[in-house]
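1. Okay, structure incoming, though there's no sequence with it:
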């Protein structure tokens, strides 16, 4: 074997080693990027779920305060205790939304802001800061329900989840309400 053949062989070995090294480096980098992305996706799922849970707790606390204040339901706890529950639910909601602000995409954050405006209106009516009829109370809840669906859509889009929670395959939903005591309430 001549010197030229030996140089070609050594060159081929070096090119092979270099290409193996570059390929391994790129694969490791891609794997690390995927793990980081997956880790953040897990955190986003937790943040979005915690926010939705806190939203529901806040709405439920508002309902209890409103129903007690308006005499719509019998409550065995004082209004002060119910307002304390609402305060705690509001703190939980605020912390949960901060996580959405840190981890969420622009559309989810904006949908959260729009939902937060509606939550404030529900809270204000429940606590008497603004007045309104039972029909207005229910319409505020309907609007919040629509805003929750908008938030879900944005979060699903951010996480790359296929499908939708609204649209042709999912008919428009409304509040689940017990029958009214009198037709004037609706």
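-> Happy to help now that I have it. The structure presented is a predicted model; accordingly, all values stated were derived computationally and were not measured.

2. ok so residue 72 is a strand residue?
-> No: using DSSP: H, G, I helix; E, B strand; the rest coil, the secondary structure at residue 72 is coil, not a strand.

3. Can you spell out which helices and strands pack onto the helix or strand that contains residue 86?
-> Per DSSP states H and E: residue 86 is located in helix 79-103. Packing contacts for helix 79-103, counted by 3 or more C-beta pairs under 8 Å, 6 or more residues apart in numbering; DSSP states H and E, involve helix 3-70, helix 106-127. Any C-beta I mention is one placed from the backbone N, CA and C, and that applies to glycine too.

4. Need the winner for burial among the ones you listed.
-> With neighbours defined as mean count of other C-beta atoms under 10 Å, these peak in mean count at helix 106-127, which reaches a mean of 19.

5. so where is this structure shaky, pLDDT-wise?
-> Applying pLDDT under 70 to the chain picks out residues 1, 32, 34-39, 166-186.

6. if we go to 90?
-> By pLDDT under 90, the low-scoring segments of the chain are 1-42, 71-79, 161-186.

7. So residue 75, which state does it fall into?
-> At residue 75, secondary structure determined by three-state DSSP is coil.

8. For the residue nearest the centre of the chain, give me its contacts.
-> By C-alpha atoms, centre = their mean, the chain has its centre lying nearest to residue 48, at 3.1 Å. Contact analysis of residue 48 by C-beta atoms under 8 Å, 6 or more residues apart in numbering lists 100, 104, 108, 151, 155, 159.

9. residues contacting the nearest residue to the fourth one once chain neighbours are set aside?
-> Read it as residue 151. Excluding the flanking residues, the one nearest residue 151 by C-beta to C-beta, 6 or more residues apart in numbering is residue 111, at 4.1 Å. Residues near residue 111 by C-beta under 8 Å, 6+ apart: 147, 150-151, 153-155.

10. still on that earlier bit, can you put the contacts of residue 48 in CSV and add distance to residue 140?
-> Listed next are the contacts of residue 48 as CSV, based on distance: C-beta to C-beta, whole Å:
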residue, distance to residue 140
100, 21
104, 24
108, 22
151, 16
155, 22
159, 29
